[in-house]
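Peer 1: Next come a sequence and a model predicted from it.
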Amino acid sequence: MNRLQFIIFLFLSSNALGQKITYNYVVDSTKVETKEVMMLFENYLASNPQNQTENPFWNREEQQKHKNYDFLESEFHPSLYMGFPVHVLSLQSKKDIYRIKAQFSYNKQDGTPYVLAIANYVAKRENGKFKLFNALTVNKQTWNCTTVGVVDFYYPTYHKFNYQKAQKLNGFINEICNNFGVKPKPFEYYLADDYDEVQKLKGLDYYMGMGGPSKPRGKATDDKVYCGGLGEYYTHEVFHVQIDQHYPNKHFWVSEGIATLLGGSRGKSLDWHIKRTNIHLRKHPEINLNDMLKLTNLDNETSYHYVLGGLIAKKILDKGGWNLIKEFMSEGKTDEDYYNAIKKYLGIHKAELNSYLRQQIQIESTK
Ligand SMILES: [Zn+2]
């Protein structure tokens with residue numbers, strides 16, 4: 001990820017120069033309608049879409065329904081629209097519907113391309129004028145949809161819907177909403193055997209990080225859950241969609257820790273991750289957990305923010321129940337806030353974290 005972060009930095013610095021747009025080859029580029037769609041897309045990219053403020057180039061309906069109306073915007077940090085040059089690969093039209101396929105990439109110094117994403121958009125008329133739409137809005141019509149409780153489940157036609165799991169998920173939602181004192185909210189839940197099928201439905205033919213062995217993966221936005229590999233019961237992301245927005249003043253590790261405590265991570269329970277972490281830490285006495293917030297991934301299965309964040313959340317829950325957890329969720333966003341909160345709720349100073357956490361991980365592993 002470091003290389004990606006560097007490149008992101010590079011592009012943020014040059015973002016002020018504006019988004020560069022080129023075309024591969026557009027059939028029919030002289031047609032008035034095609035030109036209109038090309039201009040629409042160019043205008044949208046030039047309108048600072050990373051801010052997701054009211055936008056004349058995006059359709060009204062999605063803007064009214066969703067605060068973050070462009071569902072691909074938040075696919076990358078800080079944004080899909082961080083300044084990568086955009087190369088339109090194709091413009092396809094069928095009746096009055098246009099599909100735009102665009103590559104976000106740049107050429108490295110040695111000439112090789114670095115591709116962030118290949119994204120799809122739809123352009124349709126709204127009150128007579130062409131506007132952009134999410135590919136998902138059109139593509140989801142090809143999937144099945146079943147509503148159980150507050151969840152609209154979308155799934156591919158090969159998938160046999162599991163009502164039991166869907167009901168169990170609603171049980172989980174009711175329980176966490178009760179514990180956190182919030183009202184369950186309806187949301188869309190997209191599931192497939194593999195996460196990349198969901199990405200494709202969403203409009204991503206390619207994204208940085210695609211591929212590798214198929215493993216459970218998920219992502220939550222403010223009103224949607226996208227997940228692959230766990231069917232109707234992907235609780236980690238459902239925690240994010242139901243609870244996160246009610247507690248805006250929390251550190252990233254707080255949210256990820258509680259989500260992992262309640263819903264596991266990448267399809268495995270917190271206990272499973274703790275056991276692996278124990279083995280790893282015993283082999284690596286040089287890893288200093290006093291600076292744990294600087295650590296990212298232990299390997300491709302386990303991340304420190306899930307496992308250590310989960311363990312800390314568990315200790316606080318054991319100590320003071322959900323009320324203490326709720327207080328812990330409003331202790332501030334900075335790293336200093338997080339270390340201070342651990343001191344406040346568990347009585348552990350930052351300089352004691354390495355010995356405390358190693359000891360607790362050892363105890364939990366042998367339970
Ligand atoms: Zn998470």
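Peer 2: It's in.

Peer 1: Those residues of the stretch 251-367 of the chain touching the ion, which are they?
Peer 2: Residues of the stretch 251-367 of the chain lying close to the ion by CB under 5 Å from the ion are 256, 259. Where you see a C-beta, it was placed from the backbone N, CA and C, and this is true even at glycine.

Peer 1: Nearest residue to the middle of this structure?
Peer 2: The residue lying closest to the centre of the chain (CA atoms, centre = their mean) is K219, at 3.8 Å.

Peer 1: Next, it: secondary structure please.
Peer 2: strand (DSSP: H, G, I helix; E, B strand; the rest coil).

Peer 1: My guess is it contacts Y234. True?
Peer 2: No - at 10.0 Å, K219 does not count as touching Y234 under the criterion of CB atoms under 8 Å.

Peer 1: Now do the shared contacts for the two.
Peer 2: Counting by CB atoms under 8 Å, 6 or more residues apart in numbering, the shared contacts of K219 and Y234 are 225, 227.

Peer 1: For the nearest residue to the residue nearest to the centre of the chain once chain neighbours are set aside, what are phi and psi?
Peer 2: Nearest residue to K219 in three dimensions, chain neighbours excluded: Y226, at 5.0 Å (CB to CB, 6 or more residues apart in numbering). Backbone geometry at Y226, expressed as degrees, to the nearest 10, gives phi -110, psi 130.

Peer 1: Correct me if wrong: Y206 contacts N120.
Peer 2: No - checked against CB under 8 Å, the pair Y206 and N120 is beyond contact range at 10.5 Å.

Peer 1: neighbour-wise, which of the two wins?
Peer 2: N120 (22 against 18; other CB atoms under 10 Å).

Peer 1: Tell me who's in contact with the more buried one.
Peer 2: Residues near N120 by CB under 8 Å, 6+ apart: 99-102, 135, 203-205.

Peer 1: Pretty sure K315 sits in a helix.
Peer 2: Yes - judged by three-state DSSP, K315 forms part of a helix.

Peer 1: residues touching it, list them.
Peer 2: 346, 360.

Peer 1: G211 and L116, how far apart?
Peer 2: As defined by CB to CB, to the nearest Å, G211 lies at a distance of 15 Å from L116.

Peer 1: Can I get the lengthiest strand in the chain in PDB, CA atoms only?
Peer 2: Assignment by DSSP state E gives strand 113-126 as the longest strand of the chain. Extracted as PDB, the C-alpha positions of strand 113-126 are listed here (Å, rounded to 0.1, in the frame of the first residue of the first chain):
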ATOM      1  CA  PRO A 113       1.200   2.000 -17.300                       C
ATOM      2  CA  TYR A 114       0.000   2.200 -13.700                       C
ATOM      3  CA  VAL A 115      -3.800   1.500 -13.700                       C
ATOM      4  CA  LEU A 116      -5.900   2.500 -10.700                       C
ATOM      5  CA  ALA A 117      -9.200   1.500 -12.000                       C
ATOM      6  CA  ILE A 118     -11.400   0.800 -15.100                       C
ATOM      7  CA  ALA A 119     -14.800   2.300 -14.200                       C
ATOM      8  CA  ASN A 120     -18.100   2.200 -16.000                       C
ATOM      9  CA  TYR A 121     -20.800   5.000 -16.000                       C
ATOM     10  CA  VAL A 122     -24.200   5.200 -17.600                       C
ATOM     11  CA  ALA A 123     -25.600   8.300 -19.400                       C
ATOM     12  CA  LYS A 124     -29.300   8.600 -19.800                       C
ATOM     13  CA  ARG A 125     -31.800  11.400 -20.400                       C
ATOM     14  CA  GLU A 126     -33.500  12.900 -17.400                       C
END
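
Peer 1: Name the residues of it that are buried.
Peer 2: Neighbour counts over strand 113-126 (16 or more other CB atoms under 10 Å) mark 116-124 as buried.

Peer 1: Find me whatever residue is spatially closest to D337, sequence neighbours aside.
Peer 2: E331 (5.5 Å).

Peer 1: before we move on, what about I361?
Peer 2: I361 sits nearest to N278 (CB to CB, 6+ apart), 4.9 Å away.

Peer 1: For the one you found, which residues are in contact?
Peer 2: 361-362, 364-365.

Peer 1: Report the rounded mean pLDDT for whichever strand or helix holds it.
Peer 2: Assigned by DSSP states H and E, N278 belongs to helix 270-283. Average pLDDT, helix 270-283: 97.

Peer 1: Need the per-residue pLDDT for the residue nearest to D337.
Peer 2: 97.

Peer 1: wait, doesn't it sit right on K343?
Peer 2: No - assessed by CB under 8 Å, E331 is found out of contact with K343, at 10.6 Å.

Peer 1: So between those two, which is more surrounded?
Peer 2: Regarding E331 and K343, a neighbour count based on other CB under 10 Å identifies E331 as having more, with 19 against 14.

Peer 1: Specify the local secondary structure of the more buried one.
Peer 2: When states are read from three-state DSSP, the local structure at E331 comes out as coil.

Peer 1: can you pull the contacts of it?
Peer 2: E331 makes contact with 249-251, 254, 337-338, 340-341, 344 under the criterion CB under 8 Å, 6+ apart.

Peer 1: Return the distance of the longest strand of the chain from the chain's centre.
Peer 2: Mean C-alpha position of strand 113-126 versus that of the full chain (CA atoms, centre = their mean, to the nearest Å) differs by 18 Å.

Peer 1: ok so, going back, any idea how far V225 is from the residue nearest to I361?
Peer 2: Taken as CB to CB, the span from N278 to V225 is 31 Å.

Peer 1: try L293
Peer 2: As judged by CB to CB, L293 and V225 stand 27 Å apart.

Peer 1: between these two, which one's more packed in?
Peer 2: Comparing L293 with V225 by other CB under 10 Å, the one with more neighbours is V225, at 26 against 21.

Peer 1: Can you tell me who the more buried one pairs with across the strands?
Peer 2: Beta-bridge partners recorded for V225 (DSSP bridges): Y189, A220.
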